[in-house]
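1. What follows is a predicted structure for the sequence shown.
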Amino acid sequence: MLLAIQIAVNGQLGKVLHSSSHAALVSFFVGTITLIMIVGLKDRSYTNIKEPFKQSAPWWIWIGGILGGSYVLINVFLVNQIGNGQTVVLALFGQITGSLLVQQFGLFNSIKNRIQPLQIIGLMVMIAGVILIRLF
């Protein structure tokens, strides 16, 4: 539910700012301030942030912010082009497709699971639904 609300709110912010990228920036800035306050209140320390450096963590652990920023930016753009419902469905389609690929190849130290034909059919039904909604 929060995903659909976030997409609608950020889409409206993009209209007000006349910029998808500015809306994504504002959204992430507010999110960052919120998380700084939550970590400060809950954990009372920011020292764990150093752990990836201490443990020589893999380089790819840092791309989450890039992926998240891109996700929000694309949603802000799409919601004003195709509407909230279709944007949410496309976002879910992307999440499911991405998760299937991650599991198929065991990327990022995840458990390997083969993609099943029924999962592909499910994705095709989702895309067909978006197309049908767009046409009618």
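-> It's in.

2. CA only for contacts and neighbour counts going forward, please
-> OK.

3. how close does residue 21 sit to residue 77?
-> 8 Å (Cα to Cα, to the nearest Å).

4. Common neighbours of those two, please.
-> Residues within reach of residue 21 and of residue 77 at once, by Cα atoms under 8 Å, 6 or more residues apart in numbering, are residue 14.

5. higher neighbour count, those two?
-> residue 77 (22 against 18; other Cα atoms under 10 Å).

6. quick one: residue 14 and residue 76 touch, right?
-> Yes - Residue 14 is in contact with residue 76 according to Cα atoms under 8 Å; the separation is 6.3 Å.

7. okay, and the common contacts of the two?
-> With Cα under 8 Å, 6+ apart, residue 14 and residue 76 have common neighbours 20, 23-24.

8. Can you tell me which of those residues end up in strands?
-> Judged by DSSP state E, the shared contacts of residue 14 and residue 76 include no members of strands.

9. Show me those that map onto helices.
-> Among these, the members found in helices (DSSP state H) are 20, 23-24.

10. secondary structure class for the nearest residue to residue 22 once chain neighbours are set aside?
-> Leaving aside its sequence neighbours, residue 22 sits nearest to residue 14 (Cα to Cα, 6 or more residues apart in numbering; 7.1 Å). Secondary structure state of residue 14, per DSSP: H, G, I helix; E, B strand; the rest coil, is helix.
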